[in-house]
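> based on what follows, work out the 3D shape:
(4 chains, ligands or ions: 4)
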Amino acid sequence: MSRPKVAFFDFTSCEGCQLTVVDTLQTHPELLDAVEIVQFREAMTEKGEDYQIAFVEGSCARKSDEERLARIRQQAQIVVALGACAHLGGINAIRNRLPLEAVVNCVYNENGDWSETHPYGRPRLSDRLINVEPTAKPIEAIITVDAILPGCPIDREEFARVTRQLLQGSQPRVPDYPLCVECKFKENVCLFQRGQVCLGPVIRAGCGAICPTYGESCEGCRGPISNPNMDSMQSVLAEAGLTADDLLSRFSMFGTYQMMKLE
Amino acid sequence: MSKVQLEVHYLTRVEGHGNIVIDAADGELKRCELQVVETPRFFEAMLRGRPYTEASHITSRICGICSVGHATTSLQATEAALGVIPSEQTQLLRKLNFLGEVLDSHILHIYMLVAPDFVGTGSVFPLAKSHPHVVLRALRMKKLAGDLCAVIGGRHTHPITMCVGGFTHLPGNRELEEIRARLEAMREDVTATVELFKSLTFPPFERVTEYVALRKPDEYTFIGGTITSTDKFELPVSDYREVTNEYLSPHSTAKHTRHHRDSYMVGALARFNVNYDRLHPRAQEAASALGLKPTCANPYLNSAAQVVEIVHCAEEAIALIDALLKRGIEPEAPKRVEVHAGEGVGACEAPRGTLYHHYRVGDDGRITGANCIIPTGQNLANIEADMRALVPTILNRPQDEISLGLEMLVRAYDPCISCATHMLDVRFE
Amino acid sequence: MSGTLIETLGESLYLPQTARIRDVRPITAMEKLFTLELPSGLTLDHNPGQFIELSVLGVGEAPISISSSPSRSNGTFELCVRRAGDVTGALHRMAAGQVVGVRGPFGRGFPIERFRGKDILFAPGGLGLAPLRSLINQVLDERGKYGRVTILYGAKHPSELLFKDELAAWKERGDVELHVTVDRPDENWTGNVGVITTLFARAQVYARNTVAVTCGPPVMYRFVLMELVGKGIPDGNIYLSFERRMKCGVGKCGHCQINHIYTCQSGPVFSYAEIKGVQEAL
Amino acid sequence: MSLRVISMDAMGRFVASSRSEYRVVGPKPLHGQYIFGDVESPDDLHLNYTQTVIPPKKYLFPQREELLRFKSGDGEIEPVFDAPPTILLGLHTCDLHAIRLLDRVFSSGHVDQHYRRRRDNTLVISIECLRPCSRHSFCKSMGTLSATDAFDLHLTDLGAEYTVDVGSEAGEALLAKHAKTRRATDDDYQRLNTALAQKWPHFPYRLDFDVSELPSLMRTSYNSPLWKDLGERCLACGSCTNVCPTCYCFNVQDEVDFALSAGRRVRIWDSCQLDEFATIAGGHNFRKTRAERQRHRFLRKGQYQTDAFGLLGCVGCGRCAQACLAHITPVDTFNTLHHERSGGAARPKGGAA
Ligand SMILES: Cc1cc2nc3c(=O)[nH]c(=O)nc-3n(C[C@H](O)[C@H](O)[C@H](O)COP(=O)(O)OP(=O)(O)OC[C@H]3O[C@@H](n4cnc5c(N)ncnc54)[C@H](O)[C@@H]3O)c2cc1C
Ligand code: SF4
Ligand code: SF4
Ligand code: SF4
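Numbers count the residues shown, from 1 in each chain, chains lettered A, B, ... in the order given. Ligands and ions are numbered 1, 2, ... in the order given. Here you go, the predicted model:
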């Protein structure tokens, strides 16, 4: 059997998921024998356009991104959303709440008291460089996605497992049950019992409950499970002194795009 | 008649998206740009209104490779704003975590991004077959660096445990001992790395510029210090804007900076030039083996300076672990925070150079304004100045060669373009 | 090795034995018939209605009914498998000569000795014919021991009918009453149209001496039962074969529980009398 | 068998000495609770502990366990038995009762050799509970506050010493080889009896009815409106079953290497509370609602296991009540059903009294 050709693409992101892919080689160097990587801008110069599996990192924030995504979709048999930015919109979508004008002003404002030198004036929204869309989107908002690798960053072992499932011709599966399952496996004392709060009961497992394991509450980077009991979750948080708004605020770190869609 | 028009689109083997554009005719350089086309991510808008506790978690996502650098700097800024002074143990652990990230980032850069240029391959992947021992060594070293970060931060990319005032989880003695033993064993790999880079010939290009780095009296500092330049300036970090003077360039979504010259350089080479005397003796030895002396003006040698820092960080990490084990890890909770309005600046030497975070926090503990100045942003003007100096000297060469020379130059800076566009707020209401 | 396949579980009850694929025959776009051969010396020794756990190593395990009749086993047995997911998908990509893993046979099959002398009404729907085929062929191979044999078979579409050649042969025999219906006909279809229950009006049933056997998708049972009970067939003479999620096949993993009953142990075949009061059964 | 006495110090030496032959696991503190973990030195010994997050069943039936290894090309398959000689130290009696149920489950019908091997290589040293270990425990109601026959050695804390009940020959041999003990005197018996007699008042009865009625109560509660209420509150997080000493449902998955040529088959704890537990290929879910799944869980605890194995599926440890963020507890559930049936007013909800 010839090795499937694999390409990695990056859109708006921190590239941490691609780095996690590179890190996977530390424990799974045999990955390089199993697939042929034909494009991986962060790590290689060659750009092969003939690939079967496309891993796409980052959210879609520009019109030109949509066209690029469409081309990827056309070429690839399987498109995998790599990481929270691609899967959910993630951190990038936090800005979606504000009008683009205000967002751009925040960074490139000529009157900012922290940036004095300004020879070229303030960029306009129409500038070639600043031509971003008002919302940063998950790639699924643009093209169909065959599999997801959730997380910020992705989990190395999950990446390895999903890749193997793709090689086998199986449907890659990531858990669709709450994080609490893995948290209990790890025998963590629940953060609620330690007087903290956590999004675990409504967030998708798969990371090994890494944040609760290290004493930090789940921030929701893997997105909600498909059938969360939000009413009950609200009661749980209310008991911990939090309101529905607090829940949404916590959830908004990675889930702003989803929340705005529901509204 | 020579007319060179060259565009390198989507520069590869760097973090983020950048283009190089050269337009020259008859020896005259009309355009010479490093365009930064990375989509802006607007972290300032994201931070605005978020609780101070989230700042380090959000800004860590500015960059997947220097997330510890961002998180640490962010915590420094927040703690300065809220008047929190972390314990000595917290500071030691943060330092150790930081060393792990510098190691990880430098190893990634020199082996996986730079080395292929010297072998003439497009990526590290074919080297796995042609030079397996080199690649395996790189992976081994990188794994150790990553594991070191994970032992303290809980995860290699985007640390979990670091929080305002301390850590939510502390490493155990045994984990530290195990890392220490592996660091000792890594000395051999480190030596081999020095040997490897000794055998490479870097392009002989020099252009004197200003080198800026943080400096402390008693250590080769990565976290905090005084802003110090080879032009004999010294400033407290709170006055960072006097050095950075950000401005916009029409071909870049990342802002540029300049001090009193047209540009300055930050990063491994700048640190080396500013802080050579603070390097670990073994790192100094490695420097002389590599033919590196302060003040070195060849930007290509930034990679060599990174090798020197690998030696330094590996030694420092061992010493730090010894210090931690000697005092014993106290099971201490993060420092309590009294929420009040405030403003603070944090500065660190991230792998690619000086990184500043500057926040304002409101009475309710929510962030009202923020500014981050990223090393690569500070280097952009300097890279372009280098390009302008370099191009005329190589204009008569084939286009491939020019373009490779330029790409290698940009790559030597280890630019993190995705970081550089993650500019934060510059304005407070 | 010698003995029956089930005896090999003495070492580990999760340890499959390898079986070689002798033959693969496509039946419809979704189903294939696999002929498997056990290592020499091992026999399957199954009852109609029992299932095996089939492994594609590296992909997983799935419960599959044995579709061939014990009366026709020459050291081989047949599985009729629908491509429904990972394991079945991987199996569909395999060819004669390759090996799979098998454990079993598990569960309780049809109590065929209690059928002797009775009229038998088979009512399979869709893939439900796969397990019933084992029983039907056994009955036909000892045809004399039974009364009337009626088969009412329903499928969604003519293209989804299983074992068309066997259906034709059964019809040919003259001692089997066969009615087939499809939900949606195609242009060539000349037979009955409608759900399986529409066939019951055609079947001559002497309720007191009839055993009814049904198997099909979850939604089907309720309606078929209404017909069978309506015809006056005693609850104890109605047999159903159930599908549930199964991960072990040996009564441990908990997935196949219907209230307190483990489908893999007490089933998959139940009489209606047994499960009538079991709330989760239907 | 015989009763012996061991001093606190000798206990420490006993642990140190047995470690040469056994993996010794016992309760260890963690963030204000305890977990079972490796006891590496006598200092690690915390026999006076409150309830662990997860019961010791994980040493007999691990969260993740390799069952088989295989090469897929030629179909070479071999079972994996990973059963290191282990001492489970300091089990509370509820957990001991739970092991008795697991023993029956995995040893009846088709015997699960993977469990059996571990069990056979494990020595169980339980300890008498003299005070409740959790505000949620209701062992007295469930009849699990005294040791059952599953132990090899059973300790009772008498202050400066423990009495040791020897429950098996293996236990006796272990003691002879690694511990310095003395035969119990009349005085020891006296002290033991006093301790045992005095402990009962410290434990509340929590069920409002006798536990022998539980199976019949559950049998008549199938259509109770309570299930809908629980379904609305349940988060379907599976914590209740994951911390339960008597739950053992599992999933089985294959893992392969990148070359797709070799791999393992592993079993992993599963939970009947998760959405997909009873879903078959094609998507039909036989227990679609959280209400149905909660009902299934409690019927298993209160009725099904008794029907099948003659032992209740709940030993009253209260772990699930502790773990459940929605405060769904067996005590409230059983009592509510009881009061529904007897027409009396249900006691107010809210967990521990
Ligand atoms: C007694 C009995 C007899 C049967 N007889 C036959 C027969 O004769 N012919 C026939 O074709 N079929 C038969 N079936 C049905 C057959 O077992 C299923 O179609 C088969 O199990 C599907 O397996 P799969 O791996 O192909 O499907 P998948 O659905 O892909 O399942 C793959 C694996 O992943 C798991 N899984 C499924 N969904 C998810 C998810 N969302 N998340 C995580 N994991 C998941 C499953 O547990 C399964 O192990 C029978 C079933 C039973 C119970
Ligand atoms: S800490 Fe979070 S993930 Fe863990 S059990 Fe509690 S709520 Fe669930
Ligand atoms: S622990 Fe509570 S919320 Fe979670 S599944 Fe069990 S009953 Fe539901
Ligand atoms: S059901 Fe709850 S109380 Fe009963 S044994 Fe399980 S965890 Fe303990």
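
> need the contact list for the residue of chain C found nearest ligand 2.
Here chain C gets closest to ligand 2 at one residue, C:G254, 21.9 Å apart by CB to the nearest ligand atom. Quick note: C-beta positions are derived from backbone N, CA and C, even for glycine. Residues in contact with C:G254 (CB atoms under 8 Å, 6 or more residues apart in numbering or on different chains) are D:248-250, D:270, D:272.

> tell me the secondary structure at it.
Per DSSP: H, G, I helix; E, B strand; the rest coil, the local secondary structure of C:G254 is coil.

> what sits closest to D:K180 if chain neighbours are left out?
Nearest non-adjacent residue to D:K180, counting by CB to CB, 6 or more residues apart in numbering or on different chains: D:A10, 4.7 Å away.

> tell me which element that neighbour is part of?
helix D:8-18 (DSSP states H and E).

> wait, B:T72 sits on B:F98?
Yes. With contact defined as CB atoms under 8 Å, B:T72 counts as touching B:F98 (5.9 Å).

> return every residue with contacts to both of those two.
Common contacts of B:T72 and B:F98 (CB under 8 Å, 6+ apart): B:223, B:348.

> contacts only, for the nearest residue to B:Y276 once chain neighbours are set aside.
In space, and not counting its chain neighbours, B:Y276 is closest to B:P294: 4.2 Å by CB to CB, 6+ apart. Going by CB under 8 Å, 6+ apart, B:P294 touches B:272-273, B:276.

> which SS state does B:P294 fall under?
Taking three-state DSSP as the rule, one finds B:P294 in the coil state.

> pLDDT value on it, please?
On pLDDT, B:P294 comes in at 90.

> same question for A:D127.
51.

> what's the answer for D:A346, then?
Note for D:A346: predicted pLDDT of 51.

> for chain B, what is the nearest residue in the stretch 1-150 of chain A?
Residue of the stretch 1-150 of chain A nearest chain B, by CB to the nearest CB: A:G16 (2.3 Å).

> for that residue, which non-adjacent residue is closest in space?
Once flanking residues are discounted, A:G16 sits nearest to B:G64: 2.3 Å by CB to CB, 6+ apart.

> just say helix, strand or coil for the one you found.
coil.

> likewise A:D50?
A:D50 - assigned by three-state DSSP - is coil.

> wait, D:S2 touches D:R182, no?
No. D:S2 lies out of contact with D:R182 (CB under 8 Å); the separation is 11.1 Å.

> the nearest residue to B:G83 once chain neighbours are set aside: what's it in contact with?
Using CB to CB, 6+ apart and skipping the chain neighbours, the partner closest in space to B:G83 is B:G342 (6.7 Å). Shown in contact with B:G342 (CB under 8 Å, 6+ apart): B:80-83, B:360-361.

> show me what B:G342 is bridged to.
On the basis of DSSP bridges, B:G342 is bridged to B:V361.

> next: D:S7.
Bridge pairing for D:S7 - DSSP bridges - gives D:E161.

> burial of it, as a residue count?
16 (other CB atoms under 10 Å in any protein chain shown).

> quick check: the gap between it and D:H154.
Distance of D:S7 to D:H154, computed by CB to CB, to the nearest Å: 17 Å.

> how about D:D210?
26 Å.

> so the two - more neighbours on which side?
The neighbour count for D:D210 versus D:H154, taken as other CB under 10 Å, is higher for D:H154 (25 against 11).

> did I read that right, that one in a helix?
No. Per three-state DSSP, D:H154 lies outside any helix segment and is strand.

> and what about the closest residue to it other than its chain neighbours, helix, strand or coil?
Nearest residue to D:H154, sequence neighbours excluded (CB to CB, 6+ apart): D:D165, at 4.0 Å. With three-state DSSP as the basis, D:D165 sits in strand.

> got a list of what D:D165 touches?
Residues near D:D165 by CB under 8 Å, 6+ apart: D:1, D:3, D:147, D:151, D:153-156.

> same question for A:A240.
Contacts of A:A240 (CB under 8 Å, 6+ apart): A:192, A:197.

> tally of neighbours for the closest residue to chain A within the stretch 1-150 of chain D?
Proximity of the stretch 1-150 of chain D to chain A (CB to the nearest CB) peaks at D:H31, 4.2 Å away. D:H31: 14 surrounding residues under other CB under 10 Å.

> and chain C, what are its domains?
Using automatic domain parsing, the domain ranges for chain C come out as C:3-106, C:112-240.

> about what we covered before: does the residue nearest to D:K180 touch D:L175 like I think?
No. Counting by CB under 8 Å, D:A10 does not reach D:L175; the two are 10.4 Å apart.

> have a look at the two and say which one is more surrounded.
Comparing D:A10 with D:L175 by other CB under 10 Å, the one with more neighbours is D:L175, at 21 against 18.

> now do the more buried one, the pLDDT please.
On the pLDDT scale, D:L175 gets 93.

> before we move on, the earlier item: so how far is D:L196 from the residue nearest to D:H154?
From D:D165 to D:L196 the distance is 11 Å (CB to CB).

> give me the nearest residue to the residue of chain B found nearest chain C, chain neighbours excluded.
Here the residue of chain B nearest chain C is B:A128; by CB to the nearest CB that distance is 24.8 Å. Nearest residue to B:A128 in three dimensions, chain neighbours excluded: B:V135, at 4.6 Å (CB to CB, 6+ apart).

> coming back round to it: mutual contacts of D:A10 and D:L175, please.
With CB under 8 Å, 6+ apart, D:A10 and D:L175 have common neighbours D:T181.

> returning to what we had before: anything in contact with each of D:D165 and D:L196?
D:T156.

> now do the contacts for C:I52.
C:5, C:44, C:46, C:63-64, C:66, C:79, C:102-106.

> now residue 70: which helix or strand?
This is for chain A. Here A:A70 is assigned to helix A:63-75, by DSSP H and E.

> look at chain D instead
Assessed by DSSP H and E, D:F70 sits inside strand D:64-71.

> that strand packs against which elements?
strand D:76-79, strand D:262-269 (3 or more CB pairs under 8 Å, 6 or more residues apart in numbering or on different chains; DSSP states H and E).

> ok, it: who's next to it in the sheet?
strand D:76-79 (antiparallel), strand D:262-269 (antiparallel).

> would you list those in a markdown table and tack on mean neighbour count and mean pLDDT?
Listed next are the strands paired with strand D:64-71 as a markdown table, based on neighbours: other CB atoms under 10 Å in any protein chain shown; pLDDT from 0 to 100:
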| stretch | mean neighbour count | mean pLDDT |
| --- | --- | --- |
| strand D:76-79 | 16 | 92 |
| strand D:262-269 | 20 | 95 |
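
> now those in CSV, with distance to B:A385?
Shown next, in CSV, are the strands paired with strand D:64-71 (distance: least, CB to CB, whole Å):
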stretch, distance to B:A385
strand D:76-79, 65
strand D:262-269, 56
